[in-house]
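Colleague: one predicted model, sequence on top.
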Amino acid sequence: MTTAASQITFDAERHLYTLRGLPVPSVTQVLRSANYVSFYQDLTDKIAEGALSPADGVYALIQRGARLTAARDRGQRVHAALQYMLEDDLDDSSLDAEVRGYLESGRAYLAAHVTEMKRAEMRVYSLRHGFAGTCDLLAVHDDGFLSVDDFKSGEPDAVAADLQTAAYLGALLEMAGSDAELWNDLKGRSPPCKPHRSSTAYFEYTARQRDWPW
């Protein structure tokens, strides 16, 4: 029997999703390719406009790259700690001071707003649009709605988090057609799954996703 979960695989080392045996882009890859996420555009624009000299521009790009590398490393460590926490398998003694601060923030958020955790680290995909990703948390919030959560250790707007979670929601709704448990979670609820703050986000995302060159 083919289930929603059995159709997707993920190679963490290569960060590669495979859907029905074929590689597909991740949601974040699509957002970057469509220029929704660009960490260097402001600097390259200044170089092109002459506001930065080539030498100063190269230095600024190197400095930006170093900060992004540090932020990516921090984000990976925070994400791993949150995953272990959600799976009730966290060794608090393994945390450094930086990660501990983010983790405590996550715990406070869950304690204040989440009444039931449905799924964590869930692979999601869309056969219709050809993309995949990993939803950090599917949970019932204190307002009764089900929500799609993605934890960020930086500024969410800088990485188009609204489009990312909207794409996850669209994928989940599509997957529910072949997953009875997910169907009950998403469509058998009253109140239903909570709309994202940008109601057009998923449709805008999928329109841009069709331009992906794979």
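Modeller: Everything's here; your move.
Colleague: check which element follows the strand or helix carrying Met175 along the chain.
Modeller: Assigned by DSSP states H and E, Met175 belongs to helix 161-175. Going down the chain from helix 161-175, the next helix or strand is helix 180-187, by DSSP H and E.
Colleague: buried stuff in that next one?
Modeller: In terms of neighbour count (16 or more other C-beta atoms under 10 Å), helix 180-187 has its buried residues at Leu182, Asp185, Leu186. All C-beta atoms are positioned from the backbone trio N, CA, C, and that covers glycine.
Colleague: other SSEs contacting it?
Modeller: Helices and strands touching helix 180-187, as assessed by 3 or more C-beta pairs under 8 Å, 6 or more residues apart in numbering; DSSP states H and E, comprise helix 161-175.
Colleague: what's the angle from the helix it packs on to helix 180-187?
Modeller: Calculated by axes from the mean of the first three to the mean of the last three C-alpha atoms, to 10 degrees, helix 161-175 forms an angle of 130 degrees with helix 180-187.
Colleague: looking at the protein, which helix or strand is least sure?
Modeller: helix 201-209 (a mean of 40; mean pLDDT, DSSP states H and E).
Colleague: next up, phi/psi of the residue nearest to His15 when sequence neighbours are not counted, please.
Modeller: Leaving aside its sequence neighbours, His15 sits nearest to Ser26 (C-beta to C-beta, 6 or more residues apart in numbering; 7.0 Å). Per-residue torsions, Ser26: phi -80, psi 160 (degrees, to the nearest 10).
Colleague: I'd like to know how far Ser26 sits from Arg64.
Modeller: Per C-beta to C-beta, to the nearest Å, Ser26 is found 23 Å from Arg64.
Colleague: these two: who's more crowded?
Modeller: Each of Ser26 and Arg64 has its neighbours counted (other C-beta atoms under 10 Å); Ser26 has more, 19 against 14.
Colleague: can you show me the helices along this protein?
Modeller: 27-33, 41-49, 54-86, 97-113, 161-175, 180-187, 201-209 (DSSP state H).
Colleague: that older thread, which ones are touching the residue nearest to His15?
Modeller: Neighbour list for Ser26: His15, Tyr17, Phe131, Ala132, Gly133 [criterion: C-beta atoms under 8 Å, 6 or more residues apart in numbering].
Colleague: Glu87 too?
Modeller: Glu87 makes contacts with Ala120, Glu121, as judged by C-beta under 8 Å, 6+ apart.
Colleague: now it: phi and psi?
Modeller: Glu87 adopts backbone torsions of phi -90, psi 10, taken as degrees, to the nearest 10.
Colleague: again, but for the one 4 residues further on
Modeller: Dihedral angles phi and psi of Asp91 (degrees, to the nearest 10) take the values phi -100, psi 100.
Colleague: measure the closest residue to it other than its chain neighbours to Ser94 for me?
Modeller: Leaving out its chain neighbours, the residue that sits closest to Asp91 by C-beta to C-beta, 6+ apart is Tyr84, at 7.6 Å. As judged by C-beta to C-beta, Tyr84 and Ser94 stand 9 Å apart.
Colleague: just for the chain, where's the confidence low?
Modeller: Scanning the chain for pLDDT under 70 picks out 1-6, 156, 187-214.
Colleague: same thing but 80
Modeller: For the chain, applying pLDDT under 80 flags the ranges 1-6, 143-144, 153-159, 184-214.
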